[in-house]
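A.B. asks: Sequence first, predicted coordinates after that:
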Amino acid sequence: MIAGNWKMNASISSTGEWLAAMADTAVAGRDVLVCPPFPYLGQFQEAVAAGRLLLGAQNCALEESGAFTGEVSAAMVRDLGCEYVILGHSERRALFGETDELVLAKMRRALACGLKVILCVGETLEQRQSGAAESVVAAQLQLALEQLSDDDWCQLVVAYEPVWAIGTGETATPEQAQSMHAFIRGQLAARSEQIAEQTRVLYGGSVNSATAAELFSQQDIDGGLVGGASLDAEHFLKICTA
Ligand code: 13P
């Protein structure tokens, strides 16, 4: 799976151009997912209906519906054709105070609405330098491992995104990434071998067309979650075929 997270970027016209550039390019054998900002989700309906792309949202509300000004519900993004939602992104954790408990509650809401979830985990530079990277990632996975059912886990993708590699141009080396992915696989296996085998674990953090192939060839890396480089359709396509 190659997923593009546009974050708070794009416009109606740039989205139209991106879709036009992707229009007659089928990427065989991989799931290509794009997660644009909420206002542009509707522009993807044709591409989604034609089976060219999967669509995801970057967030969803905890609550089901009602007086929550400014929020967008899981049911709404499902209604707009989203199959996935990204939850637990480090930007939401750091800038919007999202805790593991909140992320779990949002996951439950999203799953109840028929969405699949990309659960993001990853350590900061400080945590890595102090030798805490694995324990931080284990803690971010813990609630989902303890509290979600096997059926729920069939709907989950894990994305390992070291915070120090996001938007910095500093990709984790394939060895660093593989090592953490193997650790994550082990955490999943401690819950269930089947979950460990079936769950896709994506790498994210400054993925580009030059680094993608080597990262994706690592044993426990099942694809990528791509930020900046996914905004440019040509660049994104190169990553999708890497
Ligand atoms: P960049 O690819 O821009 O580093 O972003 C990664 C990311 O946060 C994707 O969710």
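C.D. replies: Received, thanks.
A.B. asks: For the closest residue to Asp220 other than its chain neighbours, pull up the helix or strand it's in.
C.D. replies: Distances taken as C-beta to C-beta, 6 or more residues apart in numbering put His181 closest to Asp220, at 3.6 Å, once the chain neighbours are dropped. For glycine as for every other residue, the C-beta is placed from the backbone atoms N, C-alpha and C. Taking DSSP states H and E as the definition, His181 sits inside helix 174-191.
A.B. asks: Can you list the helices and strands that that helix packs against?
C.D. replies: Helix 174-191 makes packing contacts with helix 133-147, strand 156-160, helix 193-198, strand 200-204, helix 212-216 when contacts are defined by 3 or more C-beta pairs under 8 Å, 6 or more residues apart in numbering; DSSP states H and E.
A.B. asks: of all the ones you listed, which lies closest to Ser73?
C.D. replies: When these are ranked by distance to Ser73, counting by C-beta to C-beta, first place goes to strand 156-160 at 19.7 Å.
A.B. asks: Return the list of strands paired to that closest one, each annotated with direction.
C.D. replies: Strand pairing for strand 156-160, using DSSP bridges, gives strand 116-121 (parallel), strand 200-204 (parallel).
A.B. asks: Neighbours of the residue of the chain found nearest the ligand, how many?
C.D. replies: Among the residues of the chain, Gly227 lies closest to the ligand, at 2.2 Å counting by C-beta to the nearest ligand atom. Other residues near Gly227 number 23, with proximity taken as other C-beta atoms under 10 Å.
A.B. asks: Contact residues of the protein facing the ligand?
C.D. replies: Taking C-beta under 6 Å from any ligand atom as the contact definition, the chain meets the ligand at 5, 89, 161, 166-167, 204-207, 225-229.
A.B. asks: farthest pair in the residues you listed?
C.D. replies: Taking C-beta to C-beta, no two of the residues of the chain next to the ligand sit farther apart than His89 and Ala229, at 16.4 Å.
A.B. asks: Compare those two (neighbour count), which wins?
C.D. replies: The neighbour comparison of His89 against Ala229 (other C-beta under 10 Å) goes to His89, with 28 against 19.
A.B. asks: nearest residue to Ser90 other than its sequence neighbours?
C.D. replies: With C-beta to C-beta, 6+ apart, the residue lying closest to Ser90 is Val163, at 4.8 Å.
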